[in-house]
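In: fold the following for me, if possible:
(chains A and B, ligands or ions: 1)
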Amino acid sequence: MPTNDTGPTNDPGSLIRELQEALGASNVLHEPEDLVVYEYDATIERSLPDVVVFPATAEDVAAAVRLAVKYDLPVVPRGSGTGLSGGAVPIKGGILIVMTRMNRILEIDADNRVAVVQPGVINLHLQNALAEYGLLYAPDPSSQRVCTIGGNIANNSGGPHTLAHGSTVNHILGLEVVLPDGRIVRLGGRVPDAPGVDLRGLFVGSEGTLGIVTEATLRLVRQAPATRTLLAIFDSVAAASEAVSTVIRRGVIPVAMEMLDQEIIRIVEPRIHAGYPLDAGAVLLIEVEGVPDGVAADSAVVEQACRDTGAREVRSADEAEERERLWEGRKAAIGAIGGAAPAFYLLDGVVPRTKLPEVMTQVLELCREYGFACGNVFHAGDGNLHPNIMFDPTIPGATERVLELGGAIMRACVDAGGSVTGEHGIGLEKRSYMEWVFSEADLDAQRSVREAFGPADRFNPCKVLPGGHGCASGHASEVMQHLGAGSYV
Amino acid sequence: MTASASADLGALRDVLKAAVAPGSERDVERYDIDGATPGAAFEPGNREDLATLVRLADEHGLAVVPQGARTSLALGRPLAGYDLAVDLGGLRQTVEYVPDDLTVTVEAGRRLGALQAELREHGQYLPIDVPPNDDVTIGGLLATARPGFWRGHLPAARDLILGIEVCLPTGGTVRSGGRVVKNVTGYDLHRLHTGALGAFGVIVEATFKVAPYPEASRTLVAKAPNLEAATALALRTWDASPVLRALTVLTSSAARLAGLEAAPQVLVELAGAKRAIDRSATDLASIAPFVDAPAGAWGALRRAQGDSERTVVRAGVAPTATRTLLERIDQAGGTGWTNIAPGAVVAILPEPTAEAIESLRSEAERLGGFLQVESAPAELRRQVAPSPGDTVLVEALRDRFDAKRTINRGRWGAVL
Ligand SMILES: Cc1cc2nc3c(=O)[nH]c(=O)nc-3n(C[C@H](O)[C@H](O)[C@H](O)COP(=O)(O)OP(=O)(O)OC[C@H]3O[C@@H](n4cnc5c(N)ncnc54)[C@H](O)[C@@H]3O)c2cc1C
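Out: Down below sits the predicted model:
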């Protein structure tokens, strides 16, 4: 078929040829056996892209986007594919732009506490490179060994230390992005508060629907001179939740307050030997940092608050190695669940911190009602829940019921004044829940934002906003159609 | 300035008046901006009336200027139309405050000071110190997003905002975000509105994450032989203390303005647990002869920066590059200071000319940064005010949220 410069064309052969010319043949995958690796992220959804490309520069990305426009195909950006809401799944096919080749740290300006990186840089690689300067990049998702900075920006990812430092958006100074029309623009800069509309702040968290990050300028923070990690052991989730609120009420904001419940402790401890008592109802991992005297003062407040709310034991560690051991159980928890159950469904909801005890009780009750084991390992200080529902997908009907249960838990979060995602994003998975949180007018405003950046079906179609041309509704029943037997959730 | 609705405004005023609660109309004389008086002024007492006014104005092509404490109206370009003043002072309630959640939801017309007093009763505060003082309203501080001394040490308004409700020119209200401290549900429109000078709607309500009020704070100052030495000391101080709340290098004249000895000075504020700041003060004393200074120094500088009668500019460059700019300002007889962490150089210019501003701007840009005019006479702002950023995107957004440019027409320039 001859290519037609004035309108879209759909000859796949010539698309591949043009992509190969623009990016180099080895950076374009199109054989079915190569594409299957890119049909999923860390969720249940699956869908094949038509073609996968690996750009090396912003110009490569722009060239691929222009070809997508020419051939009228969707574009889906992808980092490491660790996303937990289906954000990187090319649900309508098209060109999947995998950013992992753009993995250079371009600059570390230690004096000014700024780093400039390509989007494919792995979060932990950056942290390691910064350590020698005594600096860190605060956002630390638990997936940091694998996930990319670009993915973190797209999802406005959080992590244990978000409690004190805030989510990714607070640490992004500037971005270079490729827009749906192929233009390369810069948003923000190297220092904060540039005049103009804060498109940077709007862009972070847009889940690959508004543009593709090709470079990011990050704000760094200095490592604190002293850090103490406390492990407080409680008989119940309710008591541990109360401790969280009490610490805050007494005027201390630790840098992290993470909770593991009994189900998780029993899975993690035999595998990791982090020293969590098997009969504990919950443990809290709390970290405080600052000047040594301040750390001593703050941890005294934290320890007292834990004891006052029923902690049976509070351990503490100051040395890096010891602290690391206390953290080990937390960091390995999700992996350990993977080894303990045939499949699990990891949820992400958020509630006002004071509603934690009540909502946690509801979550556990709902899981019992539906007949599933559920372990909770989560960012308690932020009220950010992560119930992990364990199940066997080979049992007929189990997956449907898990998804239904997931919906019921999300509903409980919304009813408690919270929302359906604190850090994993809406993606495909939670589009239909958006209507629980926002009115139609609110959603229209969000659609306006999307349209201002480009046609809604170009970049990451069927993500974030409900509806959309040719998009499934995203309700559990539809999600089911994408599930193969034995899916690992 | 052109009053866009011209002759009909008299009749329209009656339409507006009839549409809202009695007693909402205000004397237009109080709402002068750059010497222009609006055709009508209202202070709606509830959200419905606000929405009605904005919708009717939009329908009839009137240019609306929402305003709070009227402290930052000299930001951006002079208006390209001013028919209707909408005073947000009637919407000043705290909607919800849950101290244990560290969240507060307030109406846009609430004064920062009133909010701080309320939070303080629970040992908390909103860690924002925008110029000129705590008289600013919540809506105003969000729409202008002016950074203060705490910027770079504590999260700024654009980081603390959790959710927003905005009134659109079409009369509808829309929300984004929520009331929880961590949330990635949908696009963060609340960040788009922060600093947008009203381009995408009138802010009605906002939710913030608040912070515990520090147990103690302490202001220290150290004198330096020149601005080079002062900046070097400040950079070392930045590395030396994790409990900084402000870290500023002052020119001699800025030091005088702050009530300090007229010499290059490094002014520091520590805040946090008492033991932590005492320890940090001891640490700092080992790198330079820091002595205690009156905390009032900050207020004096803050007022000066926010004095809209003066010509004030703010540049942003890498912290290590700030010295060059500050020296230039000092040599030209200006009063200036650098907030080290965000690389913000603030200058009060003695001779407010376009050439002086442009020359500073090109220097800031040469250093990889920017310059923003924070206040200046209208004529000057017409020549030097900044662009809104990527105009294609901003215009596309504005076309969707305020197609007729009803709100703050012209503040961002001709097309906006
Ligand atoms: C075990 C485990 C633990 C996790 N822990 C956390 C946690 O603590 N906190 C947390 O927030 N998340 C967590 N996650 C979720 C996930 O790791 C994060 O969302 C992460 O930021 C995704 O990065 P990625 O590189 O894998 O992105 P992907 O999964 O590849 O993509 C995620 C989204 O980003 C878009 N995207 C990717 N790159 C770009 C780019 N350059 N430009 C524009 N859009 C782009 C994609 O289109 C997609 O919408 C966890 C996941 C796992 C599997």
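In: and whichever residue of the stretch 301-450 of chain A sits closest to the ligand, what does it touch?
Out: Closest approach of the stretch 301-450 of chain A to the ligand (C-beta to the nearest ligand atom) occurs at residue A:423, with a separation of 3.3 Å. The C-beta positions use only the backbone N, C-alpha and C, and glycine is treated the same way. The contact partners of residue A:423, taken as C-beta atoms under 8 Å, 6 or more residues apart in numbering or on different chains, are A:141, A:155-159, A:162, A:167, A:348, A:379, A:384, B:182, B:184.
In: and the helix or strand encompassing residue A:62, what other elements does it pack with?
Out: Residue A:62 belongs to helix A:58-70 when assigned by DSSP states H and E. The helices and strands touching helix A:58-70, judged by 3 or more C-beta pairs under 8 Å, 6 or more residues apart in numbering or on different chains; DSSP states H and E, are helix A:12-23, strand A:75-78, strand A:95-98, strand A:172-178, strand A:184-188, strand A:212-219.
In: mind checking the SS state of the residue in the stretch 251-400 of chain B positioned nearest to chain A?
Out: The stretch 251-400 of chain B approaches chain A most closely through residue B:276 (2.7 Å), counting by C-beta to the nearest C-beta. Of the three states, residue B:276 takes helix according to DSSP: H, G, I helix; E, B strand; the rest coil.
In: let me see the contact set for it.
Out: Contacts for residue B:276 were tallied using C-beta under 8 Å, 6+ apart; they are A:290-291, A:293-294, A:297, B:243.
In: now go through those residues and say which are in helices.
Out: Residues of the contacts of residue B:276 located in helices (DSSP state H): A:293-294, A:297.
In: distance of the one residue sitting closest to the centre of chain B from residue B:277?
Out: Closest residue to the average C-alpha location of chain B: residue B:146 at 2.6 Å, with C-alpha atoms, centre = their mean. According to C-beta to C-beta, to the nearest Å, residue B:146 stands 27 Å off from residue B:277.
In: for the closest residue to chain B within chain A, grab the count of nearby residues.
Out: Nearest residue of chain A to chain B: residue A:294, at 2.7 Å (C-beta to the nearest C-beta). Residue A:294 is flanked by 27 other residues according to other C-beta atoms under 10 Å in any protein chain shown.
In: confirm for me that it is in contact with residue B:283.
Out: No. Contact criterion C-beta atoms under 8 Å: residue A:294 and residue B:283 do not qualify, at 11.6 Å.
In: contact partners for residue B:258?
Out: Contacts for residue B:258 were tallied using C-beta under 8 Å, 6+ apart; they are B:250, B:265, B:267, B:297-298, B:300-301.
In: quick check: residue A:185 touching residue B:394?
Out: No. Assessed by C-beta under 8 Å, residue A:185 is found out of contact with residue B:394, at 11.0 Å.
In: more crowded one of the two?
Out: residue B:394 (24 against 16).
In: if I look at that one, what pLDDT would I see?
Out: In the predicted model, residue B:394 carries a pLDDT score of 95.
In: so where does it fall, helix or strand?
Out: Following DSSP H and E, one finds residue B:394 within helix B:391-401.
In: packing partners of that helix?
Out: Counting by 3+ C-beta pairs under 8 Å, 6+ apart, the packing neighbours recorded for helix B:391-401 are helix A:440-453.
In: what about residue B:163, how many residues nearby?
Out: Using other C-beta under 10 Å, residue B:163 has 22 neighbouring residues.
In: residue A:91 now?
Out: Residue A:91 has 25 neighbouring residues, counting by other C-beta under 10 Å.
In: pretty sure it is in a strand, no?
Out: No. Checked against three-state DSSP, residue A:91 lies outside a strand; its state is coil.
In: contacts only, for it.
Out: Going by C-beta under 8 Å, 6+ apart, residue A:91 touches A:45, A:47, A:428, A:461-463, A:471-472.
In: any idea how far residue B:406 is from it?
Out: Counting by C-beta to C-beta, the gap from residue A:91 to residue B:406 is 38 Å.
In: can stretch A:164-176 be said to contact the ligand?
Out: No. Using C-beta under 6 Å from any ligand atom, stretch A:164-176 stays clear of the ligand, with a minimum separation of 7.7 Å.
In: that stretch: which residues count as buried?
Out: For stretch A:164-176, burial by neighbour count (16 or more other C-beta atoms under 10 Å in any protein chain shown) applies to A:164-176.
In: save the residues you listed as a markdown table, and put in pLDDT too.
Out: Output for these, formatted as a markdown table (pLDDT from 0 to 100):
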| residue | pLDDT |
| --- | --- |
| A:164 | 94 |
| A:165 | 95 |
| A:166 | 96 |
| A:167 | 97 |
| A:168 | 98 |
| A:169 | 98 |
| A:170 | 97 |
| A:171 | 98 |
| A:172 | 98 |
| A:173 | 98 |
| A:174 | 98 |
| A:175 | 98 |
| A:176 | 98 |
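In: as TSV, those residues with distance to residue A:452 would be great.
Out: Shown next, in TSV, are the buried residues of stretch A:164-176 (distance: C-beta to C-beta, whole Å):
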residue	distance to residue A:452
A:164	34
A:165	30
A:166	26
A:167	23
A:168	22
A:169	19
A:170	24
A:171	25
A:172	20
A:173	23
A:174	20
A:175	17
A:176	19
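In: filter those residues by proximity to chain B?
Out: Contacts with chain B within these, counted by C-beta under 8 Å from any C-beta of the partner chain: A:166-167, A:169-170.
In: ok, so of these, who is nearest the ligand?
Out: Nearest to the ligand among those: residue A:167, at 7.7 Å, using C-beta to the nearest ligand atom.
In: what's near enough to touch the closest one?
Out: Counting by C-beta under 8 Å, 6+ apart, residue A:167 makes contact with A:139, A:156-158, A:205, A:423, B:182, B:184.
In: what do you get if the cut-off is 7 Å, keeping everything else the same?
Out: Residues near residue A:167 by C-beta atoms under 7 Å, 6 or more residues apart in numbering or on different chains: A:139, A:156-158, A:423, B:182.
In: which among those residues end up buried?
Out: Among those, the ones that count as buried by 16+ other C-beta under 10 Å are A:139, A:156-158, A:423, B:182.
In: how about the nearest residue to residue A:156, chain neighbours excluded?
Out: Once flanking residues are discounted, residue A:156 sits nearest to residue A:205: 3.2 Å by C-beta to C-beta, 6 or more residues apart in numbering or on different chains.
In: count of residues packed around the one you found?
Out: Other residues lying near residue A:205 total 27 when counted by other C-beta under 10 Å.
In: show me the contacts for residue B:247.
Out: Residue B:247 sits next to B:234, B:237-238, B:268, B:340-341 when contact means C-beta under 7 Å, 6+ apart.
In: help me confirm that residue B:326 comes into contact with residue B:340.
Out: No. Counting by C-beta atoms under 7 Å, residue B:326 sits too far from residue B:340 to count as a contact (10.6 Å).
In: list the residues that contact both of these two?
Out: Common contact partners of residue B:326 and residue B:340 (C-beta under 7 Å, 6+ apart): residue B:249.
In: does residue 302 lie in a helix or a strand, and which?
Out: No chain specified, so I'll use chain A. Counting by DSSP H and E, the element that carries residue A:302 is helix A:292-308.
In: try chain B instead
Out: Secondary structure here is read from DSSP H and E; on that basis residue B:302 sits in helix B:296-305.
In: tell me what that helix is packed against?
Out: Packing partners of helix B:296-305 (3 or more C-beta pairs under 7 Å, 6 or more residues apart in numbering or on different chains; DSSP states H and E): helix B:252-257.
In: following the chain past the helix it packs on, name the next helix or strand.
Out: For helix B:252-257, the following helix or strand on the C-terminal side (DSSP H and E) is strand B:265-272.
In: what mean pLDDT does that next one have?
Out: Taken as a whole, strand B:265-272 has a mean pLDDT of 97.
In: which residues are in contact with residue B:217?
Out: Residues in contact with residue B:217 (C-beta under 7 Å, 6+ apart) are B:245, B:269-271.
In: looking at the residues you listed, which is nearest residue B:16?
Out: Set against residue B:16, the nearest of the contacts of residue B:217 by C-beta to C-beta is residue B:245 (44.9 Å).
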